[in-house]
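the sequence and its predicted three-dimensional model are supplied below.
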Amino acid sequence: MTPPGTLQTEPVETSTHVTPSRWDRLRQYTDARIALGRAGHSLPTVPHLAFQLAHAQARDAVHLPFDALGVEQSLQALGLETLLLHSAAADRSTYLQRPDLGRQLNAASRLRLGDWRQQRAGHGEHARFDLAFVVVDGLSALAVHQNAAALVSALLAQLRADTTQRWSIAPVALVEQGRVAVGDETAEALQASAVVVLIGERPGLSSPDSLGLYMTWAPRAGLTDASRNCISNVRPAGLRYADFARVGEGTRYRRQPAAPAAGAIAAAPAQRRRAEGRVGRSRTEARGPRPRQLSARRCFVLKGRSAGLRFTAQQ
């Protein structure tokens with residue numbers, strides 16, 4: 001059996017009944033299903049069986065139980081405080097049928113976060129955190145098991161190496177049966193200025209272990225996808241941990257010194273920039289007159305030399 005996420009390199013059948021493809025040599029560069037050959041008008045047996053295997057791996061990834069305790073131990077080994085939470089979807093069946101419940105925390109998790117805030121206030125701690133990590137099983141717990149701790153470790157190394165500023169990191173929340181939007185409510189309760197949601201992506205037929213990162217400034221319950229930025233396919237066979245920090249050449253994000261009156265990180269959230277007519281609207285927003293659009297792209301880029309996040313668009 002081929003391990004999840006490995007390159008499919010099965011040779012095309014050489015039977016006299018199989019017509020090979022001229023693209024066969026290109027298969028070494030991708031795990032996409034190309035150059036499979038044909039047997040008459042059908043797919044040869046080997047690629048057909050490989051397809052069935054990949055489909056089974058994708059289904060297994062969706063239904064694999066989330067080992068929250070195992071991931072928690074890996075994160076605690078990095079010196080991070082953790083919180084185990086759960087969405088309003090009680091089980092996997094409900095989660096798959098009711099996406100809305102996966103976007104919100106259940107009552108017990110909200111109560112736990114409330115208790116955590118009270119304990120923090122009891123110790124005289126009131127300052128907001130610069131950044132929160134929210135780890136969510138999503139549609140592939142396998143992706144979280146294999147990639148989350150290693151990716152957080154890589155990010156922490158960059159943040160701690162930043163000599164220009166110190167980053168305050170909120171306790172890492174692990175949310176079971178969660179969707180992307182649950183990170184907004186969680187980070188808001190954690191009193192964080194920004195959130196990075198690490199979530200198992202919908203498995204593909206060649207990538208059952210793909211991790212997605214969704215980043216939001218000023219997270220709060222009720223935000224839409226227009227407020228989030230995404231980096232996808234983070235895994236050893238896709239976008240590697242060290243490489244994802246240098247993805248893209250659009251807007252760079254770096255924490256700015258806070259003005260005394262602001263009392264927090266200086267920022268220009270997407271919603272505010274749109275309201276001022278300085279950035280075009282997303283298609284997911286309400287239709288209306290489009291404000292003047294700048295060429296700067298809204299995407300998070302964690303530069304290797306600058307581990308911070310810049311929340312002001314570069315023009």
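Everything's here; your move. Residues are numbered from 1 along each chain as shown.

what sits against R98?
By C-beta atoms under 8 Å, 6 or more residues apart in numbering, the contact set of R98 is A89. C-beta coordinates here come from the backbone N, C-alpha and C atoms, glycine included.

hmm, A68 is touching L85, no?
No - with contact defined as C-beta atoms under 8 Å, A68 and L85 do not form a contacting pair (9.1 Å).

these two - which one has more neighbours?
Higher neighbour count among A68 and L85: L85, with 25 against 19, using other C-beta atoms under 10 Å.

ramachandran angles for that one?
The phi/psi pair for L85 (degrees, to the nearest 10) reads phi -130, psi 170.

what is it paired to in the beta sheet?
V175 (DSSP bridges).

would you mind measuring from it to L190?
10 Å (C-beta to C-beta, to the nearest Å).

so Q118 is in which element?
Per DSSP states H and E: Q118 is located in helix 107-122.

which stretches in the stretch 101-250 of the chain count as helices?
Using DSSP state H, counting those that start in this stretch, the helices of the stretch 101-250 of the chain run over residues 107-122, 141-160, 182-189, 241-244.

where does pLDDT dip in the stretch 101-250 of the chain?
Residues of the stretch 101-250 of the chain that meet the criterion pLDDT under 70 lie in 244-250.

ok, back up a step: export the helices of the stretch 101-250 of the chain to JSON lines and tack on mean neighbour count?
Listed next are these as JSON lines, based on neighbours: other C-beta atoms under 10 Å:
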{"stretch": "helix 107-122", "mean neighbour count": "13"}
{"stretch": "helix 141-160", "mean neighbour count": "21"}
{"stretch": "helix 182-189", "mean neighbour count": "26"}
{"stretch": "helix 241-244", "mean neighbour count": "16"}
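
re earlier: quick one: residues in contact with the helix holding Q118.
Outside helix 107-122, the residues touching it (C-beta under 8 Å, 6+ apart) are L83, L85, H86, S87, L105, H126, P171, V175, T186, A189, L190, Q191.

what's near enough to touch the spatially most central residue of the chain?
By C-alpha atoms, centre = their mean, the chain has its centre lying nearest to L213, at 2.0 Å. Neighbouring residues of L213 by C-beta under 8 Å, 6+ apart: L151, V196, V197, L198, I199, C230, I231, S232, V234, F244.

just the buried residues of the residues you listed.
L151, V196, V197, L198, I199, I231, V234, F244 (16 or more other C-beta atoms under 10 Å).

surely the third one meets Y214?
So that's V197. Yes - counting by C-beta under 8 Å, Y214 is a contact partner of V197 at 4.3 Å.

next, show the common contact partners of A68 and L85.
Common neighbours of A68 and L85 (C-beta under 8 Å, 6+ apart) are L174, E176.

which residues are in contact with N147?
Per C-beta under 8 Å, 6+ apart, neighbours of N147: L198, D209, L211, V234, R235, P236, Y241.

at 7 Å instead, please
Residues near N147 by C-beta atoms under 7 Å, 6 or more residues apart in numbering: D209, L211, V234, R235.

now distance to A39 too, for the residues you listed, in a markdown table please.
Below are the contacts of N147 laid out as a markdown table (distance: C-beta to C-beta, whole Å):
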| residue | distance to A39 |
| --- | --- |
| D209 | 31 |
| L211 | 37 |
| V234 | 37 |
| R235 | 33 |
